[in-house]
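>>> Okay, here's the prediction I keep looking at, along with the sequence it came from:
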Amino acid sequence: MENVGIYTPPQKAGAVSGGSSASFQPSLSVSDLEVTPSAQDKLHEIISQTDEDVSAIRIYISGGGCGGLSYGMTFTDEKSDFDTSLQFDGFKILVDVVALNYLKGAQIDYIQEVGRERFVFNNVFAETGGSGVCGGCGAAGGGGCG
């Protein structure tokens, strides 16, 4: 795996490049993380009902190992130097660069079914490959580890 999770700070204007063509981009694009119209509508609705101090929705990852990664969202009013952002009408999404390595190419959707509404993260690991689970416990290809 190539340098997953390693942060390289942005160079100051006029600074000599260390030969690396990759640089930190503080803004996301829809090719990095797609948010469907139904998810945008619901996120806008939710954030408009929160305190005035909330300025963004943070997308995060947690866990790992045999159980795979978990994806979630929370409200935030702070942006760190390691965050990338995607602006929408009425709210913005923040993703730190480590989480972005696992979310690049993913889609966030909002699904309404009878008696159940939820956000789903589709196509995670789209560019890096992998399913978020290991094969050691028989969970590869779907399912979980008990």
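Received, thanks.
>>> Could you tell me which residues make contact with residue 33?
By Cβ atoms under 8 Å, 6 or more residues apart in numbering, residue 33 lies in contact with 59, 86, 93, 95, 100, 103, 104, 105, 106, 107, 108. Backbone N, C-alpha and C define where each C-beta goes, glycine included.
>>> now these as TSV including pLDDT, neighbour count and secondary structure?
Formatted as TSV, the contacts of residue 33 follow (pLDDT from 0 to 100; neighbours: other Cβ atoms under 10 Å; DSSP: H, G, I helix; E, B strand; the rest coil):
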residue	pLDDT	neighbour count	secondary structure
59	93	25	strand
86	90	20	strand
93	93	23	strand
95	92	25	strand
100	88	20	helix
103	86	26	helix
104	86	18	coil
105	87	15	coil
106	89	22	strand
107	92	17	strand
108	93	23	strand
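>>> Could you report the neighbour count for the closest residue to residue 88 other than its chain neighbours?
Distances taken as Cβ to Cβ, 6 or more residues apart in numbering put residue 40 closest to residue 88, at 5.6 Å, once the chain neighbours are dropped. Neighbourhood size, residue 40 [other Cβ atoms under 10 Å]: 17.
>>> So for residue 40, what's the pLDDT?
pLDDT for residue 40: 94.
>>> Going by distance to residue 32, which of the contacts of residue 33 wins?
residue 104 (5.5 Å; Cβ to Cβ).
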